[in-house]
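The sequence isn't on hand, but the structure is:
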Ligand SMILES: C[S@@+](CC[C@H](N)C(=O)[O-])C[C@H]1O[C@@H](n2cnc3c(N)ncnc32)[C@H](O)[C@@H]1O
């Protein structure tokens, strides 16, 4: 598949992505020297070259989760048995793809039957099947693991299908459970949605699909998605993933979610940046109808796909990330409109990352938010209620309540981790603390994950866990959803849906807890952060100045440390990484396959120069954090290309005239570039009305948003020799074509299936060589430069008013002697395959129709005879 595709050749950005992917792959599949199970090899070569599956066990994991009661004792073995099996593949059809119905039909009518013979496992009856809870048969579960798909010859056709469609963007491989959170967000086409921790973007993709779902060709929905992630490289992945959506309704940002800017304009900061905004923005504050809070987590719900987690897992992972999760969720709520919905989700089974976080945000918000009971939504999704009670384990010791935590650990173990969330003032000064002597060391060791525990002081909580009184949460946490691996043969996920009823209260840290935090040495930054997470309307949002303040930086480095703790399974998307890795090798070469040389586009649309992708020392050295402050104090994000409204009338008019773009297609104010110097603009992006509003607001508030990608690439400058001879120096990009197609009246031709297929097959055809000579003539009479070739439907002569979602069009280059396609080789291949499938099914229905009419004629004849 994909023969003749150029690989990679576009320099640094791709290389960086590949390096990143490789590292990630290594995280999962390389057995480190320290892995004790590597000594058990039995192949006579000393185990040096042997590869064995990872040991799928971890005693600390067993003990922890048995005690937390995440499944009943009776089902423990089944649960563990399923966790140890590889994860079956799952994928989603991109509902906004032009061919989504063809693909669904192919799965239902072809693969569902042809793959059946390959099913060996008696538990599963179907080789592939639609996920019953996903709307319209658009998500599928396959009973084959990735390994089987790769190795089994009989599955090759299906594997090739998956790979091609994934690469084209018609399907997305995604863990089934990871598809759930966006469905509970209840998104509509006019919603403003914030995806706080969005990379690598599979849920962002779903959200965009929902927003675009009922949009007519040539129109854009009112809604938008702001997809944010802290990690620049992962942002790049997201940009690549979502590029396949061809959307003008997406903004990708690169912030710490817990400090996501409030972008609230007031008279004083209008025009603060001095760039681009003349009038007051249409919106005065960036608030969202929906917020997805798919936070960084320990990721143990993804054990089946990332078996490396068995080795890495320890209790500290969940404890370490709890406070960041609370902060992110609180920031999400503060950015949510009253009446809006927020979904909080993790791919972890740990109550400290799940129910404890939800309980804490409910506590902090008072009655201003409620945890929704969504048991009637997606009824076919098997889920279990959230836990109401759990315990906290730290350094080998169980604590049922915060008062049981050793005073030396109170900087790490927070009241919010416990079901009651209660803080206790230490009146007794923890006199009963004692040093752990040799006699109790053995006792603790068997419970302990980390070796440092042996000589640490502890409270008197070393009584067996089952004898301790349990705290029970007062909140209706049973409304949270736990998806367990053995219920639906998938991964594990946690989801909670929160509804904002009113503005959040101005949050005050309780005096005693503040005092205690300070006394106990809890980082001031963290305390301040907790204070900061309040309703924007209360005026405590982080304004541009604040966000560059020392406290911000301190807190940032603290958050980074927590995140670093996770080392690897940040999100359990390793598989996606490696899948994306193979894509990344191919992402460049937009025009690969086109024989002429109009300037090829860079597939990478992120706008952070390579140099900035290297994590700076800020993460580890707070002193160097000042660098970041400078970056933003200049009113722009240093190292990130600015987003500038493109207003060069001469260029805009030349484009409009050349392609005969109808006045009804709004260009004014909808075009942006990443280059202040309009003489050297290479790409012009199209943004929707709502994105335009947000951009204007952002400019008016001093560019608080650090935007790495925005809009849909619509026009690209031709810099090749031939390109410079064309009257218009900009061509229409293949991403932008579907949107602008109904508005193009010049440089557009309609062709028969046979010539269209020839173009896709041969890429470049001389005018005299077209089967339809009239088409060849018309093509030769076009102006030199970019043009559009539309496939005629049947014999009808299609004009532009008939363009609909089924219209197939490609960009071409009108040269001196020939017409050349400007579509990647892989897109040509996919289009050809889709056309063949369509033709076959049309032929089948024609034959059927003919048979029916013959039958009718025969019957009529028979009747006549009678
Ligand atoms: C669970 S993953 C998100 C998966 C994503 N929602 C998807 O469906 O593809 C968590 C993400 O959070 C990002 N992250 C970690 N700390 C963050 C922070 N403080 N702010 C924003 N993003 C953060 C990680 O880089 C990671 O991409």
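That came through, no problem. Everything quoted here is computed from the prediction, not taken from an experiment.

Identify the structural domains in this structure and state their residue ranges.
Using automatic domain parsing, the domain ranges for the chain come out as 394-426+434-472, 747-823.

Could you tell me the least trusted of these?
Of all these, mean pLDDT reaches its minimum on domain 394-426+434-472 (a mean of 62).

Give me the below-cutoff pLDDT ranges for the stretch 601-750 of the chain.
601-636, 721-724 (pLDDT under 70).

so what's residue 363 closest to, chain neighbours aside?
Using CB to CB, 6 or more residues apart in numbering and skipping residues adjacent in sequence, the residue nearest residue 363 is residue 421, 5.1 Å away. (Glycine included, C-beta is placed from N, CA and C.)

what's the answer for residue 212, then?
residue 96 (4.7 Å).

circling back to that earlier point, next, the contact list for the residue nearest to residue 363, please.
Counting by CB atoms under 8 Å, 6 or more residues apart in numbering, residue 421 touches 356, 359-360, 363, 415, 473.

same thing but 7 Å
With contacts defined as CB atoms under 7 Å, 6 or more residues apart in numbering, the neighbours of residue 421 are 359-360, 363, 415.

most surrounded residue in those residues?
When neighbours are counted by other CB atoms under 10 Å, residue 359 leads those with 27 neighbours.

Report all helices and strands that the one helix or strand that one maps to contacts.
Element membership for residue 359 (DSSP states H and E) is helix 355-365. Applying 3 or more CB pairs under 7 Å, 6 or more residues apart in numbering; DSSP states H and E, one finds that helix 355-365 contacts helix 315-334, strand 369-371.

Identify the residue nearest residue 697 in space, chain neighbours excluded?
residue 281 (4.2 Å).

Who are the contact partners of that neighbour?
Neighbours of residue 281 in contact, by CB under 7 Å, 6+ apart: 265, 693, 696-697, 700.

Low-confidence stretches in the stretch 201-350 of the chain?
267-279.

Quick check: residues of it near the ligand?
Residues of the stretch 201-350 of the chain lying close to the ligand (CB under 6 Å from any ligand atom) are 201-203, 229-231, 234, 256-258, 294, 296, 324.

can we see that at 5 Å?
202-203, 229-231, 234, 256-257, 294, 296 (CB under 5 Å from any ligand atom).

likewise the chain?
197, 199-200, 202-203, 229-231, 234, 256-257, 294, 296, 563, 571.

Quickly check those residues for the two that are furthest apart.
202 and 256 (21.2 Å; CB to CB).

Check whether residue 84 really touches residue 56, as I assumed.
Yes. Using CB atoms under 7 Å, residue 84 is in contact with residue 56, at 4.1 Å.

residue of the stretch 751-866 of the chain with the smallest distance to the ligand?
Per CB to the nearest ligand atom, residue 826 is where the stretch 751-866 of the chain lies closest to the ligand, at 23.2 Å.

Please, which helix or strand holds that residue?
helix 825-865.

what's the average pLDDT for that helix?
67.

Can you point out the buried residues in the helix or strand residue 692 falls within?
Using DSSP H and E, residue 692 sits in helix 689-700. Neighbour-count burial for helix 689-700, with 16 or more other CB atoms under 10 Å as criterion, is recorded at 689-700.

got it, and stretch 322-333?
In stretch 322-333, counting by 16+ other CB under 10 Å, buried: 322-333.

Stretch 101-116 now?
102-104, 106-107, 111-112, 115.

can those residues go into a markdown table with extra columns for pLDDT, secondary structure and distance to residue 674?
Shown next, in a markdown table, are these (pLDDT from 0 to 100; DSSP: H, G, I helix; E, B strand; the rest coil; distance: CB to CB, whole Å):
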| residue | pLDDT | secondary structure | distance to residue 674 |
| --- | --- | --- | --- |
| 102 | 90 | helix | 36 |
| 103 | 93 | helix | 34 |
| 104 | 95 | helix | 37 |
| 106 | 91 | helix | 39 |
| 107 | 94 | helix | 39 |
| 111 | 90 | helix | 42 |
| 112 | 88 | helix | 45 |
| 115 | 85 | coil | 45 |
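
circling back: ramachandran angles for the residue nearest to residue 212?
Main-chain torsions, residue 96, degrees, to the nearest 10: phi -90, psi 0.

Can you say which two of the buried residues of helix 689-700 are spatially most distant?
689 and 700 (16.7 Å).

that older thread, turn the buried residues of helix 689-700 into a markdown table, columns for distance to residue 766.
Converted to a markdown table, the buried residues of helix 689-700 look like this (distance: CB to CB, whole Å):
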| residue | distance to residue 766 |
| --- | --- |
| 689 | 44 |
| 690 | 46 |
| 691 | 42 |
| 692 | 43 |
| 693 | 48 |
| 694 | 48 |
| 695 | 45 |
| 696 | 49 |
| 697 | 52 |
| 698 | 50 |
| 699 | 49 |
| 700 | 54 |
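
Closest to residue 682 out of these?
Looking across those and measuring by CB to CB, the closest to residue 682 is residue 695, at 19.5 Å.

secondary structure class for residue 494?
strand (DSSP: H, G, I helix; E, B strand; the rest coil).
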